[in-house]
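Trainee: Sequence and predicted structure are below.
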Amino acid sequence: MQISKTKLDGVLLLKPEVFEDFRGQYVETYNEQFCRDNGINVKFVQDDISVSSQHVLRGIHGDAETWKLVSCMHGKFYLVVVNCDKESPNFGKWQSFVLSDVNRHQVLIPPKHGNGHVVLSETAIFHYKQNTYYNPKGQFTYIWNDPQLKIWWPIKNPLISQRDEVGHFVD
C-alpha cells in the first residue's frame, strides 16, 4: 500500500496493492499495523456503506470528532473533502478525488473536514470506517453548491436529499 499527503492538512490518499489474475482481484483494504507503522494511529469502531444510483450526490457532511477512511467498493464516484474548521487558516479549501472499484484508492479524512460524493457509474457502494459511533446530533452539513466554497462538481443537477439541499450547522 502507498500512502501520500494531499493538499489538505491531515487528509491522506491510500493506494492499496491490487493482485489480479484470471480469477479476479484480491485487495487488502485495511491493515492496522501497516497504518500505525505509517503514522495513522486511528482506532476504527464502526463501518458503514451507502448504495446510490448515478447522479446521486451525498454530503457535505462531517463532525468535530470523527476520522473516516473512505473507499469505493463498487462503481465509481467523485469525492470532495472540505476543511470545515472555522478556526483554520485553510477553512473552505477543498480537494477532489475519483474513487472506484478499479483504482481502489482510499481517502483518510480527519475531524472538522466534511466530505461529499456524487455517483458517476450506474450504481456505487461508498464504504467508510469511522473512529467514533455515528452521532447525528453532532453532524454538520454544507450545501453541495455553497457559493463560498466554490466546489466544482462534474454534474449540474444532482439528485439530493432535503438535508443536503438546506444544510445544517452545529455550533
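Mentor: Perfect, I can see it now. Numbers count the residues shown, from 1 in each chain.

Trainee: Under the pLDDT cut-off, which ranges of this protein? List them.
Mentor: Along the chain, the model assigns pLDDT under 70 to residues 169-171.

Trainee: so where do the strands sit in the chain?
Mentor: 2-5, 12-15, 18-21, 24-27, 46-53, 57-62, 68-74, 76-83, 94-100, 106-109, 113-119, 123-130, 140-141 (DSSP state E).

Trainee: which of these sits most buried?
Mentor: Counting by mean count of other C-beta atoms under 10 Å, strand 113-119 has the highest mean neighbour count of these, with a mean of 25. For the C-beta atoms, the positions are set from N, CA and C on the backbone; glycine is no exception.

Trainee: hang on, isn't residue 44 packed against residue 129?
Mentor: Yes - counting by C-beta atoms under 8 Å, residue 44 does reach residue 129; the two are 4.1 Å apart.

Trainee: ok so, going back, for residue 33, find the nearest of the strands of the chain.
Mentor: strand 2-5 (13.5 Å; C-beta to C-beta).

Trainee: re the thing from before, same list, the strands of the chain, but as JSON lines with distance to residue 167 please.
Mentor: Supplementary listing: the strands of the chain in JSON lines, determined by distance: least, C-beta to C-beta, whole Å:
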{"stretch": "strand 2-5", "distance to residue 167": "29"}
{"stretch": "strand 12-15", "distance to residue 167": "27"}
{"stretch": "strand 18-21", "distance to residue 167": "37"}
{"stretch": "strand 24-27", "distance to residue 167": "35"}
{"stretch": "strand 46-53", "distance to residue 167": "19"}
{"stretch": "strand 57-62", "distance to residue 167": "9"}
{"stretch": "strand 68-74", "distance to residue 167": "19"}
{"stretch": "strand 76-83", "distance to residue 167": "13"}
{"stretch": "strand 94-100", "distance to residue 167": "16"}
{"stretch": "strand 106-109", "distance to residue 167": "19"}
{"stretch": "strand 113-119", "distance to residue 167": "11"}
{"stretch": "strand 123-130", "distance to residue 167": "20"}
{"stretch": "strand 140-141", "distance to residue 167": "5"}
